[in-house]
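Asks: What follows is a predicted protein model with its sequence.
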Amino acid sequence: MTCLIGEIYAMVHKFSSALELHLKMLVKLFPLVTTFAFSQSGDEEGVPKCPAGGYRNCLLSVIYNPNQGNLIPDGYNETGDWLSTTDSANCQQFCEITHSCKAFTHKQDLECNLKYEFGYTTTQCQGCTSGVVQSSCIQNGVQYQNGNIPSNKFPDSALKLKKNYDSWQNCQKLCILMIGCSHFTYSGTGSVDSSGTCELFNCQTQPLNVSILEKNDTRISQNF
């Protein structure tokens, strides 16, 4: 029995390693844009279907239309207008990955507000939790007012990533941290001097239209 369990474990480990290596090779071949879908939900009548393709965990030669189902609107004054996370810890992680974010406030209604390092004031707020990135010092019952990161600091309907978090994996993480996110698109710059961007989508709010990439297009999509 012990030998059988050992053999099964070895087979699973070998398959997982091969899959991970395959994905890494594909990402190296197509480094600039990665689009990812977490689910293929929406089979109910009248509910938009996620454009996930026939297989999960596959890299696809399509991109999602950024003007449909995008969770990041144009012209917002604070991220709390559209960003919700389940708790303050997820809000803090979202801040750690997002360009220019140094502080955050998470509210009782699950709003996550991303802040600059300076420009905010501290006030009491029931059900609010605030703090700064990479710190275990969290202030309960406190919110940081003002100092919000507005939309004009980012590309249209996308978030810019910090340089040390510039990867499709961290764009994926933002989608996992955000309530309602089912898909993402990561767009790399191919330059060490500037970081990539992350678009976040929900295929249940609007049907996501996909476009087939042209032959010489280096972007890539991924279905999960």
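Replies: Arrived safely, thanks for sending. Numbers count the residues shown, from 1 in each chain.

Asks: from here on, contacts and neighbour counts on C-alpha atoms
Replies: Will do.

Asks: what residue ranges in this structure are flagged as low confidence?
Replies: Scanning the chain for pLDDT under 70 picks out 1-67, 205-224.

Asks: Distance of Ser151 relative to Gln92?
Replies: 19 Å (CA to CA, to the nearest Å).

Asks: hang on, I meant Met178
Replies: For Met178, the distance to Gln92 - CA to CA - is 12 Å.

Asks: For these two, work out which one has more neighbours and name it.
Replies: The neighbour comparison of Met178 against Gln92 (other CA atoms under 10 Å) goes to Gln92, with 28 against 20.

Asks: Tell me the secondary structure at that one.
Replies: Of the three states, Gln92 takes helix according to DSSP: H, G, I helix; E, B strand; the rest coil.

Asks: show me the contacts for it.
Replies: 103-104, 131-133 (CA atoms under 8 Å, 6 or more residues apart in numbering).

Asks: swap the cut-off to 10 Å and go again
Replies: 85, 101-106, 112-114, 130-135, 138, 177 (CA atoms under 10 Å, 6 or more residues apart in numbering).

Asks: One more: Phe104?
Replies: Here Phe104 is in contact with 88, 91-96, 112-117, 129-133, 143-145, 147-148 (CA under 10 Å, 6+ apart).

Asks: Equivalent analysis for Asn77, please.
Replies: Listed by CA under 10 Å, 6+ apart, the contact partners of Asn77 are 146, 148-152.

Asks: Redo those residues as TSV? Include neighbour count and secondary structure.
Replies: Shown next, in TSV, are these (neighbours: other CA atoms under 10 Å; DSSP: H, G, I helix; E, B strand; the rest coil):
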residue	neighbour count	secondary structure
Asn146	16	coil
Asn148	23	strand
Ile149	19	coil
Pro150	16	coil
Ser151	19	helix
Asn152	12	helix
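
Asks: tell me the two of the residues you listed that are most distant?
Replies: Greatest spatial distance among those (CA to CA): Asn146 and Asn152, at 15.5 Å.

Asks: What's the separation between Gln93 and Phe154?
Replies: 18 Å.

Asks: Need the overlap of contacts for Met178 and Gln92.
Replies: What both Met178 and Gln92 touch, as defined by CA under 10 Å, 6+ apart, is the set 85, 112.
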